[in-house]
Each structure stands twice: as C-alpha cells, then as structure tokens.
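1. I would like the atomic coordinates for the input below:
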Amino acid sequence: MRGPMPAPLVVQKFGGSSLATAERIRHVAERISRARGDGADLVVVASALGDTTDDLLRLAGDITQDPDPRELDLLLATGEHQSATLVSMALHALGVKAISLTGAQAGITTDGRYGKARIANVEPRRVRAELDRGNVVIVAGFQGQSGGLGTEGAGNGTSEWVETTTLGRGGSDTTAVALAAALRADRCQIFTDVRGIYTADPRLVGSARQLGTIGYEEMLELAQQGAQVMQVRAVELGWVNGVEIEVLSSFEDAPGTLIREDPLVEQRNKVRGLAHDRNVAKVTLLAVPDRPGVARAVFEPLAEAAINVDMIVQNVGHDGATDLSFTVPRAELRRAETVLNPIVAELGARGLTTDPDVAKVSIVGAGLHNAPGYAARMFGTLADASVNIEMISTSEVRITCVIEEARLEAAREALHGAFELARPDPVDAAATARPA
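-> Numbering: from 1, shown residues only. Next up is the predicted model:
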C-alpha cells in the first residue's frame, strides 16, 4: 500500500519592489502562508527592501569614492539580511513557522570575486533540516561565502577565514535558481513587479504582449541584451540544471511566464521579443595598423581591467590600416579610455573616438539565423523609421543593432509592429498549461 505523497517543494523569490514597505512585506507573508496552507514545503529567497542596495551604495560613495571591495560586499549583504528577517517575522505574526538564514547559513559558497562572485557550490543541509522541522525557510539572496580553506577573496593566497561575497545585480534570482537545482525543487517561482516575460518592456511599449512560455536560449538572449526581468546567470543555471522557472507578479494572482525547453518553438513566430540596452558606449580606434597581434594588444588589457567588450566590428583594411569599433558598458567608458589611450599611442593609430549616446536594440527568437528575410526586414523597418544603424551583430537567436539613443523609442515601436509581436501566438494556449 502506498504511503502519502511527499509535499511539493517550491522555491520562491521576491524582489525588492515586492518588499519595499511593511504593508508589502505583510502581503508577501500572506501569499507565502497561503502556499504553505496548500501543502507545499517552501524556501523563499528575499531581495533587499526597495532601493536599499542603491541607498547603501550611495552612502558608501558619500564616505569614499573608492570603497574597499570586501567592506562593500559586507555592507551590501545586510540589505538582504534585513528583508529575510522581516519576512520571517511577518510569517511568525501569521502563526506560520519560519526561520531566516543568510546565504552562508543556507550553504551557498562562491569564488572570491567581490561584487561579482559566482556560485561554486550549494550544500543545503541546513535548509533541508529546517524544512524537516516544518519551517518555511527564508534565505537572504544575492550573497554567499568564499574562503574556508580556499582562495581568499582579495587574491592574497589562502586563508581559513570565510568571507561574505555578493553575486552582482539581480543576484537573488541566481540564489533562487541555484537553491532550486540543489534541492531538486518541483518549481522555482520568481515574483516581480510585472506579470511575466513580455514581447517588449510593457512599461515602454504599450502593445507588448505577455508570453506564456519562452525557451531558455531565447530568455538568455533577451536578458543579455537588456531585458531586466531575469538575471542572465539565473537563466544559465536554470538551463544547465533543467530548472523550470516561472515568472509571476507579486501584486496580483495572474498566470505568469514559464521559462523552459519549448517543444513548440518551431511552430511559433520566429521573433519572440525585443530587448534594448541604454548602458552602451561605442569606442573606435582610427587607422589601426592592419597586422597580426593588434586585436590582442587592444582587447587583452581591457580584459585585465575587467571591462566587458560586446560588439566588435573591424573595417576592411586600406593602405595597411583599418578602423576598429566595439561597445563597452557606458558606466565603464572612462576606464576604457584610460586603458586605451596609451595603447593608441603605442600602436601608432590615428586616434580614439567615443560615443556614449548610443543604444542597442535586438530582435530575439530561436532559429532566426537560419530563417531568411528577418535581417532584411529589421534593417528595412529601421530605415523606414529614419533610424540609422551604426553597428550590427548576430547570433543563432538574435540580431542586434547599435543606433542613436535618441531614436530608440521610434525603433522599438517600429520593430514591435513590423514583426507583429502584439498579435497573439496561436500555440500559446497549449504552452501555458501548468502541471497540476
């Protein structure tokens, strides 16, 4: 005779906007309480309250323009400590057993890079023990610990001491997916301030349509190209570990978007969504010598300075010289110029120009690379909207153009219309089916 079925294990993550006030924290606690009442075992990942992380960064900046990375991580981690404990207190007030844990207490270990640490391992023994005691486990997101008997965060050798590290912007998403993978959870739910994943940012494109399902690869490209609903590394972790991720609204009970392998991808509109990114600057090295080793001389120092280079375009060489253009995050432009100025002189290039007033706009969809006509339609649509294209980059599932930032709104509206993204997808009804 079979025994009772084990309770489903659900990992939920609540973003900072969901926890911005005491009233919202109580609302989240009530939502958690209902899910617990339905019989689920729950692990809840909490982001910092509202704008707490920005406030702490601003305060650190008021103290010093160059805060120590270790001390900054220790400071920023306190934001999630506050929210985890407050959610736990709100559950206690509702009569729900709960306990809050830091990332380290939850068994999350990372490499030693302050500010952008990557999760090395999750050993959730404490989490499982607390679930067995009947607790809802509230985990502070965005953080873990490095060290032990490994490499110390500052890179000064080995140490027996542990260090608090943070996972970068959106790191609580990564915490939730990593815990779901380690615990083999039945579901991973990301609660945010929108209902799910849309064909474009619904706050900027009025005709944007919610997607019922989207594949990991498409979601990864949308996130990488500027869609801010999910963190890139969280999507990567979900894809590698087969964790289905459901993106839902914290503020209403409505169907969300499921991120998973999409068996119906071939039946869908090839273009699934638009993404844009304003945090872009264009850099051009003029009349660089056209010889082997020049690209390494340019990009190796940028990599050593931890400056991320995205799109790269090298023009056809003439008279032994060529122009080399690429993009960097706008926030890193000044550092990039500092690195590149001496290189320009060493190479004998004619000069260095920069343009911070650009943006990226992308169309994303599985199979775009093998489908004729989509690039031509994108370029034609932008031309008809009087949007000049400065750079082009493609992948298997993406076509990206760098354009003047002032024309971004016109580009978004024109592309959303040209690819009929407001029109309901006929296979979405089947794709939105959820497991019982």
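
2. per-domain residue ranges of this structure.
-> Using automatic domain parsing, the domains assigned to the chain come out as 9-193, 273-418.

3. quick one, which of those gets closest to R209.
-> Nearest of these to R209, taken as C-beta to C-beta: domain 273-418 at 9.2 Å. (Glycine included, C-beta is placed from N, CA and C.)

4. pick the most deeply packed of the domains of the chain.
-> Neighbour counts (mean count of other C-beta atoms under 10 Å) averaged over each of these peak at domain 9-193, with a mean of 20.

5. where along the stretch 1-150 of the chain do the strands fall?
-> Counting by DSSP state E, counting those that start in this stretch, the segments of the stretch 1-150 of the chain that form strands are 9-14, 41-46, 98-101, 108-110, 119-122, 136-140, 143-147.

6. in the protein, which strand is the longest?
-> When the chain is parsed with DSSP state E, its longest strand is strand 273-289.

7. what's the average pLDDT for it?
-> Computed over strand 273-289, the mean pLDDT rounds to 91.

8. so what are the sheet partners of it and their directions?
-> Using DSSP bridges, strand 273-289 pairs in its sheet with strand 321-328 (antiparallel), strand 351-364 (antiparallel).

9. quick one, which of those is nearest to A185?
-> strand 351-364 (27.4 Å).

10. quick one: average pLDDT of the closest one?
-> 94.

11. what about the helices in the stretch 1-150 of the chain?
-> Using DSSP state H, counting those that start in this stretch, the helices found in the stretch 1-150 of the chain span residues 22-37, 52-63, 69-93, 125-132.

12. how about Y198, phi and psi?
-> Per-residue torsions, Y198: phi -110, psi 160 (degrees, to the nearest 10).

13. I figured it hits Q210, correct?
-> Yes. With contacts counted by C-beta atoms under 8 Å, Y198 reaches Q210, the gap being 5.4 Å.

14. which of those two has more neighbours?
-> Legend: neighbour count by other C-beta atoms under 10 Å for Y198 and Q210, higher for Y198 (22 against 18).

15. related to what we said a few turns ago, just put the strands of the stretch 1-150 of the chain in JSON lines and tack on distance to A60 and mean pLDDT.
-> Shown next, in JSON lines, are the strands of the stretch 1-150 of the chain (distance: least, C-beta to C-beta, whole Å; pLDDT from 0 to 100):
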{"stretch": "strand 9-14", "distance to A60": "25", "mean pLDDT": "96"}
{"stretch": "strand 41-46", "distance to A60": "22", "mean pLDDT": "97"}
{"stretch": "strand 98-101", "distance to A60": "24", "mean pLDDT": "98"}
{"stretch": "strand 108-110", "distance to A60": "21", "mean pLDDT": "95"}
{"stretch": "strand 119-122", "distance to A60": "24", "mean pLDDT": "94"}
{"stretch": "strand 136-140", "distance to A60": "19", "mean pLDDT": "98"}
{"stretch": "strand 143-147", "distance to A60": "16", "mean pLDDT": "90"}
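
16. need those in TSV with distance to L56, can you?
-> Below are the strands of the stretch 1-150 of the chain laid out as TSV (distance: least, C-beta to C-beta, whole Å):
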stretch	distance to L56
strand 9-14	19
strand 41-46	16
strand 98-101	19
strand 108-110	19
strand 119-122	22
strand 136-140	14
strand 143-147	13
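
17. return the distance of T110 relative to T166.
-> Distance from T110 to T166, counting by C-beta to C-beta, to the nearest Å: 9 Å.

18. shared neighbours of those two, which are they?
-> Contact criterion C-beta atoms under 8 Å, 6 or more residues apart in numbering; residues bridging T110 and T166 by contacting each: A117.

19. thinking again about what came up before, among the domains of the chain, which comes closest to G256?
-> Closest approach to G256 among these is made by domain 9-193 (7.7 Å; C-beta to C-beta).

20. quick one: end-to-end distance for the closest one.
-> One end of domain 9-193 to the other measures 24 Å (C-alpha to C-alpha, to the nearest Å).

21. R26 against M89, yeah?
-> No. Using C-beta under 8 Å as the test, R26 is too far from M89 to be in contact (10.1 Å).

22. point out where this protein drops to low pLDDT.
-> 1-5, 148-160, 264-269, 316-319, 426-436 (pLDDT under 70).

23. how about the residue nearest the centre of it, what does it touch?
-> In the chain, the residue lying closest to the centroid (C-alpha atoms, centre = their mean) is Q231, at 1.6 Å. Q231 sits next to 168-171, 173-174, 223 when contact means C-beta under 8 Å, 6+ apart.

24. quick one, phi/psi of it?
-> Dihedral pair for Q231: phi -80, psi 140, per degrees, to the nearest 10.

25. the closest residue to it other than its chain neighbours and T53: what is the separation?
-> Leaving aside its sequence neighbours, Q231 sits nearest to G170 (C-beta to C-beta, 6 or more residues apart in numbering; 3.1 Å). Using C-beta to C-beta, G170 is found at 11 Å from T53.

26. in the stretch 151-300 of the chain, which spans are helices?
-> Using DSSP H, counting those that start in this stretch, the helices assigned to the stretch 151-300 of the chain run over residues 171-183, 216-224, 232-241, 294-304.

27. OK, contacts around D51?
-> 16, 20.

28. which stretch among the helices of the stretch 151-300 of the chain comes nearest S362?
-> Taking C-beta to C-beta, helix 216-224 is the member of the helices of the stretch 151-300 of the chain nearest to S362, at 7.3 Å.

29. now the angle from the closest one to strand 351-364?
-> With axes from the mean of the first three to the mean of the last three C-alpha atoms, to 10 degrees applied, the angle from helix 216-224 to strand 351-364 works out at 140 degrees.

30. confirm for me that Y374 is in contact with A366.
-> No. Between Y374 and A366 there is no contact, the gap being 11.9 Å when judged by C-beta under 8 Å.

31. list the residues that contact both of those two?
-> Common neighbours of Y374 and A366 (C-beta under 8 Å, 6+ apart) are K270.

32. how far out from the middle of the chain is the helix or strand where T381 lies?
-> Assigned by DSSP states H and E, T381 belongs to helix 374-384. Centre-to-centre, helix 374-384 and its host chain are 28 Å apart (C-alpha atoms, centre = their mean, to the nearest Å).

33. quick one: that helix to strand 351-364, angle?
-> 110 degrees.

34. and the helix or strand just after helix 374-384, what does it pack onto?
-> The helix or strand immediately downstream of helix 374-384 is strand 389-395, counting by DSSP H and E. Other helices and strands packing on strand 389-395, by 3 or more C-beta pairs under 8 Å, 6 or more residues apart in numbering; DSSP states H and E, are helix 374-384, strand 398-404.

35. could you dump these into a markdown table with distance to W161 added?
-> Shown next, in a markdown table, are these (distance: least, C-beta to C-beta, whole Å):
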| stretch | distance to W161 |
| --- | --- |
| helix 374-384 | 53 |
| strand 398-404 | 43 |
